[in-house]
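In: Below are the sequence and a predicted model for it; my questions follow.
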Amino acid sequence: MGTYDAIVVGCGISGAATAYHLRREGLQRVLVIEKGPGPACGPTGHSAGVVRMHYSHPILVRMAMESREMFAAMPDMLGRDGGFRPTGWWLAMGDNMIAQVRANLEMQRTEGLVTELLGPESLADRSPWLNPEGVAGLLFEPGSGYADPVQTTEAFADAFAREGGEIRFRTPCRALVRREDRIVGVLLDEGPVHAGVVVNAAGPWARALAASAGIDVQLRAVREQDAIWEVRAGRPMPECSFSTTIEAAYCRPLGNGRFILGLGFPKPYHDVDPNNYKTTIDDDILSLSFEKNAARLPNLNGARLVGSYASLYDVSVDFYPYAGPRAGLAGYADCSGGSGHGFKIAPAITRHLARWITTGKTTPEFAGLGHDRIAAGALFAGLGGNRG
Ligand SMILES: Cc1cc2nc3c(=O)[nH]c(=O)nc-3n(C[C@H](O)[C@H](O)[C@H](O)COP(=O)(O)OP(=O)(O)OC[C@H]3O[C@@H](n4cnc5c(N)ncnc54)[C@H](O)[C@@H]3O)c2cc1C
């Protein structure tokens with residue numbers, strides 16, 4: 001196999017997109033290693049795939065806007081549709097969120113984001129499917145929507161492979177290989193493979209992988225549970241992704257009258273062993289997420305349960321992702337900590353990360369996403385949790 005310019009561990013959205021961008025930035029020999037059987041076989045494959053751009057910090061607004069452009073351009077950029085549907089995104093909120101959301105909107109508009117905040121007087125007209133009780137404002141982002149996380153990841157992986165990149169599935173990386181202050185490669189079952197840089201895009205397994213070389217990634221693996229419901233015929237529902245901060249719940253259309261329902265922040269986060277956790281939904285969460293969504297979207301009543309599952313969030317200390325190299329450690333970069341909202345921002349984050357890796361330079365604001373922010377005491381704070 002020889003020596004690689006870069007090895008990326010993990011073929012979720014972060015790994016596949018990083019590998020693609022590293023090739024585009026000019027690295028010749030790039031290898032992706034994935035322990036599972038194909039792209040997006042981990043948490044990415046269970047993602048609800050909601051694409052929205054409302055964030056509290058300019059860096060993530062920019063990453064979300066740039067990613068959104070890439071979602072829309074995928075057929076041209078990658079030669080394949082990533083399943084992006086720009087149907088829009090709604091966010092219902094109570095009085096307690098209005099001030100912070102208005103401040104966010106002001107900042108977002110200076111970034112060029114098109115977004116609208118409706119008052120209670122417009123709800124009946126614009127959102128007839130919504131129970132308006134207690135809704136102080138309804139935010140609408142017309143350019144947002146949802147994408148198919150498997151299709152998107154496959155699109156990046158296929159484009160990477162077409163351009164000469166190498167992917168090995170069913171290939172667990174057992175450890176990172178370290179020589180003093182440099183990561184020099186990875187340890188596979190057949191032995192070590194060397195690389196100029198190793199990108200740790202192992203999602204909830206990133207912490208253990210980094211620990212194999214004495215690197216600390218401050219990351220939790222927590223269960224996230226969703227269910228798919230089919231609404232009875234003739235009952236209007238939003239065609240867009242919808243979130244409510246009042247009930248802390250979300251609903252994402254799947255087509256054919258089917259919707260993914262889940263719980264939003266705040267909610268209990270249970271730490272689990274990513275190699276040994278319950279992958280079926282808990283009965284109480286199944287009922288609670290249905291009840292909370294149906295309280296706001298009453299046409300859900302009478303819906304039929306189609307399926308359900310539990311997967312994993314890889315949660316960083318401040319719910320913002322980790323992207324970038326480390327001070328004092330050569331040959332290594334983090335790309336983890338999606339924290340339950342990492343799909344929608346991954347296309348752009350990985351592009352900036354790839355540029356940082358290949359040129360050794362980035363902007364001060366993107367550098368703020370590095371794991372070194374923890375030691376520097378420069379954590380992010382926003383709407384809380386994966387709301388950003
Ligand atoms: C139920 C659910 C709903 C979500 N909804 C949304 C949403 O609506 N919008 C949004 O933006 N985000 C959402 N997210 C979050 C988003 O999906 C994740 O942040 C993102 O998919 C993480 O991608 P990743 O590539 O970083 O990690 P992962 O998908 O975890 O990929 C890591 C990969 O690394 C592999 N791997 C790990 N260790 C090794 C090893 N040692 N050797 C080889 N391979 C290894 C794993 O098998 C895995 O395939 C959701 C997540 C979940 C679970």
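Out: Happy to help now that I have it. Residues are numbered from 1 along each chain as shown.

In: where does this structure have low pLDDT?
Out: Per-residue confidence for the chain (pLDDT under 70) gives these ranges: 1-2.

In: So which residues of it form helices?
Out: Ranges of helices within the chain are 13-24, 58-78, 95-110, 123-126, 149-162, 206-211, 283-296, 346-359, 364-367, 372-376, based on DSSP state H.

In: Quick one: those helices as JSON lines, columns for mean neighbour count and distance to the ligand too.
Out: (Glycine included, C-beta is placed from N, CA and C.) As requested, the helices of the chain are arranged in JSON lines below (neighbours: other CB atoms under 10 Å; distance: least, CB to the nearest ligand atom, whole Å):
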{"stretch": "helix 13-24", "mean neighbour count": "29", "distance to the ligand": "3"}
{"stretch": "helix 58-78", "mean neighbour count": "19", "distance to the ligand": "9"}
{"stretch": "helix 95-110", "mean neighbour count": "14", "distance to the ligand": "17"}
{"stretch": "helix 123-126", "mean neighbour count": "12", "distance to the ligand": "23"}
{"stretch": "helix 149-162", "mean neighbour count": "23", "distance to the ligand": "6"}
{"stretch": "helix 206-211", "mean neighbour count": "21", "distance to the ligand": "5"}
{"stretch": "helix 283-296", "mean neighbour count": "18", "distance to the ligand": "11"}
{"stretch": "helix 346-359", "mean neighbour count": "24", "distance to the ligand": "6"}
{"stretch": "helix 364-367", "mean neighbour count": "14", "distance to the ligand": "17"}
{"stretch": "helix 372-376", "mean neighbour count": "15", "distance to the ligand": "18"}
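
In: can you list those in JSON lines and add distance to residue 189?
Out: Putting those into JSON lines (distance: least, CB to CB, whole Å) gives the following:
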{"stretch": "helix 13-24", "distance to residue 189": "19"}
{"stretch": "helix 58-78", "distance to residue 189": "31"}
{"stretch": "helix 95-110", "distance to residue 189": "48"}
{"stretch": "helix 123-126", "distance to residue 189": "57"}
{"stretch": "helix 149-162", "distance to residue 189": "22"}
{"stretch": "helix 206-211", "distance to residue 189": "15"}
{"stretch": "helix 283-296", "distance to residue 189": "37"}
{"stretch": "helix 346-359", "distance to residue 189": "26"}
{"stretch": "helix 364-367", "distance to residue 189": "35"}
{"stretch": "helix 372-376", "distance to residue 189": "32"}
